[in-house]
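Visitor: For reference, the sequence and a predicted model appear below.
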Number of protein chains: 2
Amino acid sequence: MAIAAIQKSVRSADVIVEIDTKSRILDAAEELFMEHGFEATSLRLITTAAAVNLAAANYHFGSKEELFQAVLTRRLDPMNQDRMQLLTSYETAAGNKALTCEVIISAMFIPALKLARDQSQGGKNFLRLLGRAYADPAPFIREFLSHQYAEMIARYRAAFARALPHLPREEVSWRLHFVMGALSYTLAGTDALKVIAQFHPTEVNNDELLLKRLAPFLAAGLRAPMANASDAHQWFQEA
Amino acid sequence: MAIAAIQKSVRSADVIVEIDTKSRILDAAEELFMEHGFEATSLRLITTAAAVNLAAANYHFGSKEELFQAVLTRRLDPMNQDRMQLLTSYETAAGNKALTCEVIISAMFIPALKLARDQSQGGKNFLRLLGRAYADPAPFIREFLSHQYAEMIARYRAAFARALPHLPREEVSWRLHFVMGALSYTLAGTDALKVIAQFHPTEVNNDELLLKRLAPFLAAGLRAPMANASDAHQWFQEA
DNA sequence: GCTAGTTTCAAACAAGCGTTTGAAATAGCG
DNA sequence: CGCTATTTCAAACGCTTGTTTGAAACTAGC
């Protein structure tokens, strides 16, 4: 195979012409997992796309599940660290004053958008993959994400609780859940958008525009007054 | 097999003791697709759980994909018809006046919650299945849902556009998308909730409480003023 | 230049998959 | 009953899956 011959990393002039097997598998796996989901993506599909031997996947990562986790960790770990650092810097800058909801939301979004921009193609793929992983029923995926996100979620819940002191703690948790829902759904699905509206593709891909639309929506929802008993009763009267 | 012997529908006294093969496959498939997703659920798993022969699935439904669509259609079709009828009745009751966002949201939620309550167990399972189907990358699922939802989405977008006349049409589409995201994420994931907060299981299962929390959040988001250019610039200054 | 450690490779493994087949069993009707 | 159409059944089909194996190729240190 001609492709296999250039598989090892080789430098010509100052540019790395070919990356190593491990990275090639990760790149191919990221794209294919994103496109077809975990179960529907076979190791043969991945290793063929990466132009490496089938056994290389198990050799470098152990199993398909561990490969999937490696794909997630590679980008998720730095992104969540970015998020927490950004939140910390906002908080120290604000001193004693509580942050606004918009600023906290920005601390969640900006690292995600930075990731989407940094990689020429991989970044966007990864966000779609992440959004889909959230809805994946596989237990090992759910446990992995729970563990990976626990610390970050706690930080953001505390920040929102400080920004919304009039709300009960439990209500803050619910609203954070709604925020995560709208976020992951939006990041995951470009397809879903086509159902709801017919946009120009160029508009859909504008990330800053997305934050500009989503942040006010979510901030207003977070600041909403709680429904009283009569409201709820009224909405249900016809059920 | 003892179970196979009572497979045909038999009446004793006035009660139907056993339902027919087709329904048993649908029930088992609904639960297993919900639990493991489409790809990870095999026909052998389904037919074993339903206590029917393996070939019965292909005989009655043609293929695994058609079985999945049948599982969705069985409940989705009536639910979406309910939604549109409810919206129509709200609109005629309001006469010329535009509906409030809360009322429109209720018209989306109430049929879903009614479905969750009607079935002793299947209803709740189905909503989780539906939420996950939204995030499934399989093309045949996405096309099916697009087709199934197109009419309903159009109706609701028109209703929201009337309720929010100051917003550009495109902004309404985006916000409807965010609403759908928070809704499907909330309906799909009881697991995700555990990450964000530790609730009593009894509280999580209270559907009316869920609407009471989600409706004000979404309505406030829908009514939010649009961000101006300086806001967006401010949020991004640190990126 | 040899040796030890790492990585690649083709091949095979057992297991599970969706689907098909043709015969057996059942149901409905004249 | 007898006939026909529908439904059930065990068995097998061809194919794909994740993983393992042992030899070959390569790399780096002495």
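Guide: Sure, I can see it.
Visitor: Which of the helices or strands spans the spatially closest residue to A:R128 that is not a sequence neighbour?
Guide: Spatial nearest neighbour of A:R128, chain neighbours left out: A:M34 (5.1 Å); criterion: CB to CB, 6 or more residues apart in numbering or on different chains. For every residue, glycine as well, the C-beta is placed using N, CA and C. Using DSSP states H and E, A:M34 maps to helix A:21-36.
Visitor: Give the other helices and strands that that helix contacts.
Guide: helix A:43-49, helix A:54-61, helix A:64-94, helix A:122-134 (3 or more CB pairs under 8 Å, 6 or more residues apart in numbering or on different chains; DSSP states H and E).
Visitor: since we're on the closest residue to A:T41 other than its chain neighbours, how many residues are nearby?
Guide: Distance criterion CB to CB, 6+ apart; nearest residue to A:T41, sequence neighbours excluded, is A:L32 at 4.7 Å. Using other CB atoms under 10 Å in any protein chain shown, A:L32 is surrounded by 23 other residues.
Visitor: follow-up on the earlier one: export the helices and strands packed on helix A:21-36 to a markdown table and tack on mean neighbour count and mean pLDDT?
Guide: Output for the helices and strands packed on helix A:21-36, formatted as a markdown table (neighbours: other CB atoms under 10 Å in any protein chain shown; pLDDT from 0 to 100):
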| stretch | mean neighbour count | mean pLDDT |
| --- | --- | --- |
| helix A:43-49 | 17 | 97 |
| helix A:54-61 | 16 | 97 |
| helix A:64-94 | 17 | 94 |
| helix A:122-134 | 22 | 76 |
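Visitor: Any idea which of those helices gets closest to B:T21?
Guide: In terms of CB to CB, the element of the helices and strands packed on helix A:21-36 nearest to B:T21 is helix A:122-134, at 33.8 Å.
Visitor: Check which element follows that closest one along the chain.
Guide: Counting by DSSP H and E, the next helix or strand C-terminal to helix A:122-134 is helix A:139-163.
Visitor: helices and strands around that next one, which ones?
Guide: helix A:64-94, helix A:101-118, helix A:122-134, helix A:169-188, helix B:191-196.
Visitor: Centre of the chain to the third one, how far?
Guide: Centroid separation for helix A:122-134 versus its chain: 6 Å, with CA atoms, centre = their mean, to the nearest Å.
Visitor: Next, the angle helix A:169-188 makes with it.
Guide: 130 degrees (axes from the mean of the first three to the mean of the last three CA atoms, to 10 degrees).
Visitor: CA atoms only for helix A:122-134, dumped as CSV, please.
Guide: The C-alpha coordinates for helix A:122-134 follow below in CSV (Å, rounded to 0.1, in the frame of the first residue of the first chain):
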residue,chain,number,x,y,z
GLY,A,122,-12.6,18.8,13.5
GLY,A,123,-13.9,21.3,15.9
LYS,A,124,-17.3,21.6,14.5
ASN,A,125,-17.6,17.9,14.1
PHE,A,126,-16.7,17.5,17.7
LEU,A,127,-19.5,19.7,19.0
ARG,A,128,-22.0,17.8,17.0
LEU,A,129,-20.6,14.6,18.4
LEU,A,130,-20.8,15.9,21.9
GLY,A,131,-24.4,17.0,21.5
ARG,A,132,-25.2,13.6,20.3
ALA,A,133,-23.3,11.8,23.0
TYR,A,134,-25.5,13.6,25.5
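Visitor: Just name the shakiest helix or strand of chain A by mean pLDDT.
Guide: In chain A, no helix or strand scores lower on mean pLDDT, DSSP states H and E than helix A:2-5, which sits at a mean of 32.
Visitor: about what we covered before: could I get the helices and strands packed on helix A:21-36 in a markdown table, plus columns for distance to DNA strand D?
Guide: As requested, those are arranged in a markdown table below (distance: least, CB to the nearest atom of the strand, whole Å):
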| stretch | distance to DNA strand D |
| --- | --- |
| helix A:43-49 | 4 |
| helix A:54-61 | 4 |
| helix A:64-94 | 4 |
| helix A:122-134 | 16 |
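Visitor: Indicate which one of the ones you listed is closest to A:P216.
Guide: The nearest among the helices and strands packed on helix A:21-36, by CB to CB, is helix A:64-94 at 18.1 Å.
Visitor: can that closest one be found next to DNA strand C?
Guide: No. Applying CB under 7 Å from any atom of the strand, one finds helix A:64-94 separated from DNA strand C by no less than 13.4 Å.
Visitor: Stretch A:70-81 near chain B at all?
Guide: No. Judged by CB under 8 Å from any CB of the partner chain, stretch A:70-81 makes no contact with chain B; its nearest approach is 13.1 Å.
Visitor: just to revisit the earlier point, with distance to B:R162 added, can I get the helices and strands packed on helix A:21-36 in a markdown table?
Guide: Formatted as a markdown table, the helices and strands packed on helix A:21-36 follow (distance: least, CB to CB, whole Å):
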| stretch | distance to B:R162 |
| --- | --- |
| helix A:43-49 | 48 |
| helix A:54-61 | 53 |
| helix A:64-94 | 38 |
| helix A:122-134 | 31 |
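Visitor: correct me, but A:R175 touches A:R223?
Guide: No. The pair A:R175 and A:R223 fails to qualify as a contact (CB atoms under 8 Å) at a distance of 9.4 Å.
Visitor: Between these two, which contacts overlap?
Guide: A:L164 (CB atoms under 8 Å, 6 or more residues apart in numbering or on different chains).
Visitor: Between the two, which is the more surrounded one?
Guide: For A:R175 and A:R223, the more surrounded residue by other CB under 10 Å is A:R175, and the numbers stand at 26 against 19.
Visitor: Enumerate every residue touching that one.
Guide: A:F160, A:L164, A:L167, A:G221, A:L222, B:R213, B:F217.
Visitor: Return the item of those having minimum pLDDT.
Guide: Note: of those, the lowest pLDDT belongs to B:R213, at 87.
Visitor: Might you report the residue contacts of that one?
Guide: When contacts are counted by CB under 8 Å, 6+ apart, B:R213 touches A:E171, A:W174, A:R175, A:A227.
Visitor: Quick check: which ranges of chain A have low pLDDT?
Guide: Within chain A, the stretches with pLDDT under 70 are A:1-18, A:119-124, A:188-207, A:228-239.
Visitor: How about the residues of it by DNA strand D?
Guide: So chain A meets DNA strand D at A:8, A:41-45, A:54-55, A:57-58, A:63-65 (CB under 7 Å from any atom of the strand).
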